[in-house]
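J.: Sequence first, predicted model second:
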Amino acid sequence: MNMAKQDPDVGQRLRQARRRLGLSQRELARRAGVSNGTISMIEANQVSPSVSALKQVLSAIDIGIADFFAPAETESEQIVFRADQLTEIAGGPVSYRQVGANLRGRSLQMLHERYRPGAQSGRPMLSHQGEEAGIVIKGRLGLEVEGRRYELGPGDAYFFDSRKPHAFRNLGDGELVVVSACTPPSF
């Protein structure tokens with residue numbers, strides 16, 4: 001590595017890529033097989049990594065050099081969101097991973113939902129403006145909408161007015177996976 005001042009975009013771009021994936025400097029260093037200090041110095045623009053060193057670091061976060069230096073898309077322009085770029089907006093027994101971190105100005109919210117056995121969306125029942133739809137990918141979904149109960153399995157889908165009180169529950173012994181959409185965004 002060269003101790004000369006580098007292009008300021010390298011440190012900033014690496015920091016942004018690392019943070020987008022929710023990684024600490026220490027975790028990125030571990031994955032890349034370099035020291036924590038190396039990542040810190042690159043991000044602070046205190047060293048200029050060689051192409052091979054930068055490639056080694058980027059391979060740990062599955063980004064090619066060409067993509068790394070490509071003009072940054074603003075999220076409103078971003079078209080593709082890789083699995084590791086989904087934004088966790090819940091956690092615990094129910095995981096809601098959202099497509100895009102900032103939905104300001106958006107009219108649709110897409111979620112990849114995972115429910116542990118017995119987990120539910122909570123009490124009291126949910127109710128919000130808009131419409132909601134989803135498809136069960138894996139497991140058994142218990143859906144309650146305005147007092148009516150339904151059981152759905154893989155490939156089954158739902159679509160309803162979200163103003164009606166509703167709740168979701170994993171009825172199976174394994175993980176429940178649902179892909180859903182709400183309009184307008186409600187989380």
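T.: Looks like it arrived, so ask away. Numbering: from 1, shown residues only.
J.: tell me the helices in this protein, going along the chain?
T.: Using DSSP state H, the helices of the chain run over 8-20, 25-32, 36-43, 51-59, 65-69.
J.: the bottom helix or strand of this structure by mean pLDDT?
T.: helix 65-69 (a mean of 68; mean pLDDT, DSSP states H and E).
J.: where does this structure have low pLDDT?
T.: By pLDDT under 70, the low-scoring segments of the chain are 1-8, 65-67, 69-76, 91, 187.
J.: Break down this protein into its strands, ranges please.
T.: 87-88, 94-98, 109-115, 131-138, 141-145, 148-152, 157-161, 166-170, 176-183 (DSSP state E).
J.: Any idea which of the ones you listed gets closest to residue 27?
T.: Among the strands of the chain, the nearest to residue 27 by Cβ to Cβ is strand 87-88 (16.0 Å). Using the backbone N, CA and C atoms, a C-beta is placed for each residue, glycine as well.
J.: Domains in the protein, by residue range?
T.: Using automatic domain parsing, the domain parsing of the chain gives 8-69, 83-183.
J.: how about CSV for those, with distance to residue 77 and mean neighbour count added?
T.: Listed next are the domains of the chain as CSV, based on distance: least, Cβ to Cβ, whole Å; neighbours: other Cβ atoms under 10 Å:
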stretch, distance to residue 77, mean neighbour count
domain 8-69, 15, 16
domain 83-183, 11, 16
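J.: before we move on, back to that, can you redo the strands of the chain as TSV with distance to residue 33?
T.: Below are the strands of the chain laid out as TSV (distance: least, Cβ to Cβ, whole Å):
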stretch	distance to residue 33
strand 87-88	27
strand 94-98	28
strand 109-115	30
strand 131-138	35
strand 141-145	42
strand 148-152	45
strand 157-161	45
strand 166-170	39
strand 176-183	33
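J.: Tell me which residue lies nearest the centroid of the protein.
T.: Geometric centre of the chain, nearest residue: residue 86, 1.4 Å, by Cα atoms, centre = their mean.
J.: Which residue, other than its chain neighbours, is closest to that residue?
T.: residue 97 (3.8 Å; Cβ to Cβ, 6 or more residues apart in numbering).
J.: Might you report the residue contacts of the one you found?
T.: Listed by Cβ atoms under 8 Å, 6 or more residues apart in numbering, the contact partners of residue 97 are 86-89, 111-114.
J.: Apply 6 Å and report the result again.
T.: Residue 97 makes contact with 86, 88, 112 under the criterion Cβ atoms under 6 Å, 6 or more residues apart in numbering.
J.: partners of it in the sheet?
T.: Going by DSSP bridges, residue 97 is paired in beta bridges with residue 88, residue 112.
J.: That one and residue 16: what is the separation?
T.: Per Cβ to Cβ, to the nearest Å, residue 97 is found 20 Å from residue 16.
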